[in-house]
Structure formats: C-alpha cells, structure tokens
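>>> Generate coordinates for the sequence data below:
(chains A and B)
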Amino acid sequence: MPDTTRPPILQVSGLHKWFGTLHVLQGIDFSVAAGERVAIIGGSGSGKSTFLRCLNFMEMPTAGRIALDGTPLGRASAGKPDEVRYPESELCRVRERVGMVFQQFNLFPHMTVLENAMEGLVTVKRMKKAEARERALRELDKVGLGGKTDVYPGRLSGGQQQRVAIARALAMEPEILLFDEPTSSLDPELVGEVLRVIRQLAEEGRTMLLVTHELGFAYHFATKVIFLADGVFHEVGTPDEVLKHPKQERTRAFLERFTEFSF
Amino acid sequence: MDYAFDFALVVETFPILMRGFVVTLELWLPSLAIGLAGGLVLALARLSHSRVLRGGSLVYIELFRDTPVLIQLIWFYYAFPILIGVQLSPFTAALLALALNTSAYGAEIFRGGIQSIARGQWEGAKALGMRHADVLRRIVLPQVFKLMLPAFTNRAVEVAKMSSLASVLSVHELMYQGRLLSSTYYRPFEILTTVAVVYFVLIYPATFLSMTLERRMAGKG
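Numbering: from 1, shown residues only, chains lettered A, B, ... in the order given. You can find the predicted model right below:
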C-alpha cells in the first residue's frame, strides 16, 4: 500500500517542457507517495514519455522543479528562480535513485547479459566485481534469466532482452523505477513475460511509474492512473475511476479506441 | 625476354634493404600509434560543446586531409624548422608529418564511429547514473573500435605506403635504399621488384589480420 505517512518520494511542480516552439508539457503538478504504482496513459504525442523522461532528466525541464524525497533537484540562481542548473554530478546521483527501463531496451551489445546487469554496479557504484556479480545474478534470477548469463543480447528474444534491462535497472536498487512503454516494441506473444515480471515487482512495494498502452495491465497493476492530454494531466484517479468510470469526455473518447482490451 | 635476372645481386644487397626495412618500421608503427591516439583526442574535440575546440580541430583535420602528403613531409623538414627555430632531422620531420597526418584521418574515423552509435546506448548508460566520460570509456568507444576496425586497418596500410615518400627527405628507409642500390648497380629491375615484394610482405599480414579480427568480432556480437 502506498505510504502516505512520509512526505512524497517524488514531487513535480509547474513542469513545462518546450521542444522549440512546441509546448509539450504545459504545467504539471504532481506528487507520488512511496510505494505507489502510477500508470500514465494517453495518445501519441500527448507528452507522456516526455513527462516520464523529465523525472530522471533524460529530458531537461524547461521550467518547473522536481523534488526527490523532499529535496528540490538542481540549483536555481538567486535572482532568477526560473533558471535552474543541473550539474552532471547531481544528475548522476538522481539517476542512481531513479531507474529507467526503455522501450528499445538499450542493452549494451558488446557485453554479456551478466556484464550488462553488473555494469551500473561496477562503473557507477564502484562495487567490487564479486559483490556486483552476486547482486546482478540475484536480479537476473528474479526475472528468469539466471541461466543466460554468458549470452550476448543479440542472441536473445525481445522479451528476454527487456527482462535483462529490468534486471540491470533493479541491480542498482533504485527507489523509483520508471518504465517507458516497456512492451511497445515487443511481439505480442512476448509482452506477457515482461508484464509478469513487472507485476512481480509490484508485490515488492517498489515505487513505479509506467507509461503504457496496455490498459488491461494498467488496471490490475496501478494504484493511480493518469490520463495525459494536451500536455497536462487531464484526469487522475484510481484505475476504477479513470479506466472504468472516466469523468472527462476526452478520457472516454480515448478509452473507446481501445476496444480490444478487457479487464 | 632477353633479360637475365641477377639473383646474386638481390642476395648480396638484401641486408642493406633490410636496414631500410627496419627504418620503415620505425616510421610506420610509431606514427600509427601516435596518429590513432591523437585522432581520438581530435575526434572528441570535434564533438565537444566548445566552439573553439570544434573549429580548431576542423581546421587541423582539413589542412592534413586536403594537402598532398608529400607536401606535408617536405614542409615539416624545410618550413617548420623556420617557425620553431630548431632544425629537425629528416627522420623526425617525416615521423612528425606522418603522425599528424594519421591523426587527422584517424579523427574522422573516430568521429564517424562515435556518431554512428545509437543514442539509445548513451541513454541506457546515462540512466544508470554514468558520467559522460564513463559512457565513452565503457560503452561507446569499445563499440566504436569494433565498428571502425576496417577503417583503422585501411589507415594502417595507407601509412605503410606513405612511409615510402620519406625517401624524398633522404630518410634511409626501404624506398631510399632501393633507389640508392638500383642506381649504384644499374639494376633497377631486380632491386625495385625486390623492394615491392618486401612492401607486400610487410603490408599483406596487416590486411589479413584485419580480416581475421573482423570475422572473430562478427561472431561474438
């Protein structure tokens, strides 16, 4: 259950993102309690991936502040609160705590499965190889790939590669895990194995944010669902509220397009 | 053909050609090593955020790529010393010219390689909290080396051939010895054919090695 006794683990205020003249995120205020599982849905180009990517600074916010565990990130100049600078060292520390799983997996092709899972531990956390190997193996076992440690990613199926990517992110023991359309690149028959792993993580009480088109999965997985449209949170609520009894017309119209899902 | 090939002469002059061969190696290998190391530094400059670094490295690269190597060799021996007030030996001038020339071509190979690495690789590494320098070192450059191996071996072959131009500066490498011997004995056919064969024997293994390495790396990936 989400922990509402502590301050929110993640807090977003006044988040704006422009790509040139395109105003993708138009002012988002949002907070996540520890242990919450948030599903973010919306049409293509709605800004949902952009929003997620701002949370670990894969995209830099144009305006607004993000706070992790109560501490605002970045440094604002004294006279100009809108100009926030993000030194590389700070971004690196944030990304150790906020992990990400990508739609395209982004595994390192020149490293084995085990080396991929260990890479963050060895290079970022500067862990000893033996300890890193142990931790990486644990996560690989968890996602069901403990037997493929010496295989190169090119030899794996998409579902297997994504599971390695999840293990790689988990090995860093992040406080928050972000999933950017983790199954959108997968053949339909491989989607299930990845969703199963993600559902397993849900049982561990980890804070997770998931951008997805898998509405059926979102219904069962999430504690909160957000429908993003026109760069703002159009509707926010429990899965039941947003997916089964949406209040907004726009949300209803969006959901109607997903005739093939059922929960 | 009425010509009688004088093998005895080849046998007799071979040690002198071999002395030249050693000098060729002394030109080839260091300029290759320095050139590729310098090329990496230049490529990073070409890709840096600083406009000064980007512009400066571009000028350097274009200068070496758009002028004949022979001119570069001659310039470093006759013109450069006037700039710095120190006379360079022919060997040093030749080595300098070859090394800098290789670094310019090497820079373009590295730059192309780095830019061809998918953005997802940078993102996957940065998402783990890796700094830019670590992403380069652990993720991007290892893939670049593999990808660019054919281009690098081509460069190695070119530099080996370019080393023969140092003979113009009277560096006592293989070509110089060959021309000297062929005019001394008035037997250019035997001498220069032998010189060509020695170059082939030197260069072919490099080509062969690159093919083997490429095949092995293709198997692993």
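
>>> ok, residues contacting stretch A:56-69?
Applying C-beta atoms under 8 Å, 6 or more residues apart in numbering or on different chains, the contact partners of stretch A:56-69 are A:7, A:9-18, A:25, A:27-28, A:50, A:53-55, A:72-74, A:76, A:82, A:84, A:86, A:91, A:94-95, A:97-100, A:175, A:178, B:123, B:126-127. Bear in mind the C-beta positions are built from the backbone N, C-alpha and C, glycine included.

>>> hang on, isn't B:L169 packed against B:L95?
No. With contact taken as C-beta atoms under 8 Å, B:L169 and B:L95 are classed as non-touching, separated by 10.6 Å.

>>> Need the pLDDT of residue 37.
All of this is about chain A. For A:R37, the model assigns a pLDDT of 96.

>>> oops, chain B please
pLDDT, the model's per-residue confidence, is 95 for B:A37.

>>> any idea what sits nearest it, other than its immediate chain neighbours?
The shortest distance from B:A37 to any non-neighbouring residue, by C-beta to C-beta, 6 or more residues apart in numbering or on different chains, is to B:S103 (7.8 Å).

>>> ok, that neighbour - contacts?
Residues in contact with B:S103 (C-beta under 8 Å, 6+ apart) are B:34-39, B:41-42, B:64.

>>> show me where pLDDT drops low in the stretch 1-150 of chain A?
A:1-5 (pLDDT under 70).

>>> Write out the residues of it neighbouring chain B.
In this structure, the stretch 1-150 of chain A approaches chain B at residues A:56, A:58, A:88-89, A:92-96, A:99-100, A:102, A:104-110, A:119-120, A:123-124, judged by C-beta under 8 Å from any C-beta of the partner chain.

>>> mind redoing it with 10 Å?
Proximity of the stretch 1-150 of chain A to chain B is confined to A:53, A:56-58, A:88-89, A:91-112, A:115-116, A:119-125 under the rule C-beta under 10 Å from any C-beta of the partner chain.

>>> Find the residue closest to the residue of chain B found nearest chain A in space, skipping its chain neighbours.
Chain A sits closest to B:G124 of chain B, with a gap of 3.0 Å, by C-beta to the nearest C-beta. What sits nearest to B:G124 in space, not counting adjacent residues and going by C-beta to C-beta, 6+ apart, is A:N106, at 3.0 Å.

>>> Provide the secondary structure category for the one you found.
For A:N106, the secondary structure call by DSSP: H, G, I helix; E, B strand; the rest coil comes out as coil.

>>> Name the residue closest to the centre of chain B, please.
B:V159 (3.4 Å; C-alpha atoms, centre = their mean).

>>> Equivalent analysis for chain A, please.
Residue closest to the average C-alpha location in chain A (C-alpha atoms, centre = their mean): A:L178, at 1.3 Å.

>>> circling back: show me just the buried residues among the residues of the stretch 1-150 of chain A next to chain B.
By the neighbour-count criterion of 16 or more other C-beta atoms under 10 Å in any protein chain shown, the residues of the stretch 1-150 of chain A next to chain B include these buried positions: A:53, A:56-58, A:91-92, A:94-112, A:115-116, A:119-125.

>>> Mind giving me the packing neighbours of the top helix by length along chain B?
Secondary structure assigned by DSSP state H gives helix B:7-46 as the longest helix of chain B. For helix B:7-46, the contact count by 3 or more C-beta pairs under 10 Å, 6 or more residues apart in numbering or on different chains; DSSP states H and E identifies helix B:51-65, helix B:90-116, helix B:141-162, helix B:174-185, helix B:188-220 as packing neighbours.

>>> sorry, back to before: how about CSV for the contacts of B:S103, with neighbour count and distance to A:E241 added?
Listed next are the contacts of B:S103 as CSV, based on neighbours: other C-beta atoms under 10 Å in any protein chain shown; distance: C-beta to C-beta, whole Å:
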residue, neighbour count, distance to A:E241
B:I34, 18, 67
B:G35, 24, 65
B:L36, 21, 62
B:A37, 14, 62
B:G38, 19, 63
B:G39, 23, 60
B:V41, 14, 58
B:L42, 24, 59
B:F64, 17, 67
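
>>> Pull the most distant pair out of these.
Considering C-beta to C-beta, no two members of the contacts of B:S103 lie farther apart than B:A37 and B:F64, which are separated by 15.5 Å.

>>> Now do the strands in the stretch 1-150 of chain A.
The residue ranges that make up the strands of the stretch 1-150 of chain A, judged by DSSP state E, counting those that start in this stretch, are A:10-19, A:22-32, A:37-41, A:63-68, A:71-72, A:75-76, A:84-85, A:98-101.
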